[in-house]
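Participant: Predicted coordinates and the sequence they were generated for:
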Amino acid sequence: MTIYFYKVDEPYGCFSNFSPHGIRRKGLHWPTVEHYYQAHKFIGVEDESIITEIRNAPTPDEAAKLGRDPSRTIRSNWDWVKLGIMREAVLAKFLTHLEIQAILLATEDLLIVEDSPTDYFWGCGADRTGQNHLGQMLMSVREEIRGRLQEKASS
Ligand SMILES: Nc1nc(O)c(N)c(N[C@@H]2O[C@H](COP(=O)(O)O)[C@@H](O)[C@H]2O)n1
């Protein structure tokens, strides 16, 4: 069995980066993982005010829209750093919100796939041949949290 997720209001919607589970990083609150991820496209660029604008965006869709604005220049090393930034945020989300941590752990060793019809990098794309980096990340975070809990239980 494979777990497919995409929209927040559909099954396993809490696995989406758009789900309303805030994280705290470096003293700041981020309303969703998507806000954090999109804002980090602009670290070190000339006009960093966009970072605050994205953090304050009323919805993750609005944050994504700002982060994807083609008229803005994103940091030059984005493709090198984006996986690490996303993993840090996804791990923080599932360490913070124990109710969704339980949902993630309950998937045991099932394959998790972001069923995005358009995204072939983070999701599986329309024909399900995409790289599914978000699904892979969720499985890796699941493994890490399981290990941490086992370590805690045996100490
Ligand atoms: N719910 C949802 N709506 C969309 O429109 C999406 N593209 C996604 N996928 C997420 O989008 C993020 C990637 O954004 P960039 O293309 O790098 O700007 C990432 O969080 C995907 O999981 N989800």
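Facilitator: Sure thing, it's come through.
Participant: Next, the residue nearest the centre of the chain: secondary structure please.
Facilitator: What sits nearest the mean C-alpha location of the chain, by Cα atoms, centre = their mean, is Asn17, with 4.1 Å. Secondary structure, DSSP: H, G, I helix; E, B strand; the rest coil: Asn17 is coil.
Participant: Now do the buried residues in the lengthiest helix in the chain.
Facilitator: Ranked by residue count, the top helix of the chain under DSSP state H comes out as helix 133-154. Neighbour counts over helix 133-154 (16 or more other Cβ atoms under 10 Å) mark 133-139, 141-142, 145 as buried. Bear in mind the C-beta positions are built from the backbone N, C-alpha and C, glycine included.
Participant: for that helix, packing partners?
Facilitator: Counting contacts by 3 or more Cβ pairs under 8 Å, 6 or more residues apart in numbering; DSSP states H and E, helix 133-154 is packed against helix 78-96, helix 98-105, strand 111-114.
Participant: That helix close to the ligand?
Facilitator: Yes. Judged by Cβ under 6 Å from any ligand atom, helix 133-154 and the ligand are in contact via Leu134.
Participant: and the angle from that helix to helix 78-96?
Facilitator: Here helix 133-154 points in a direction 40 degrees away from that of helix 78-96 (axes from the mean of the first three to the mean of the last three Cα atoms, to 10 degrees).
Participant: report the angle between the axes of helix 133-154 and helix 98-105?
Facilitator: Using the same axes, to 10 degrees: helix 133-154 against helix 98-105 is 110 degrees.
Participant: Name the surrounding residues that touch helix 133-154.
Facilitator: Here helix 133-154 makes contact (Cβ atoms under 8 Å, 6 or more residues apart in numbering) with 15, 17, 83, 86-87, 90-91, 94-95, 101, 104-105, 107, 111-114, 121-124.
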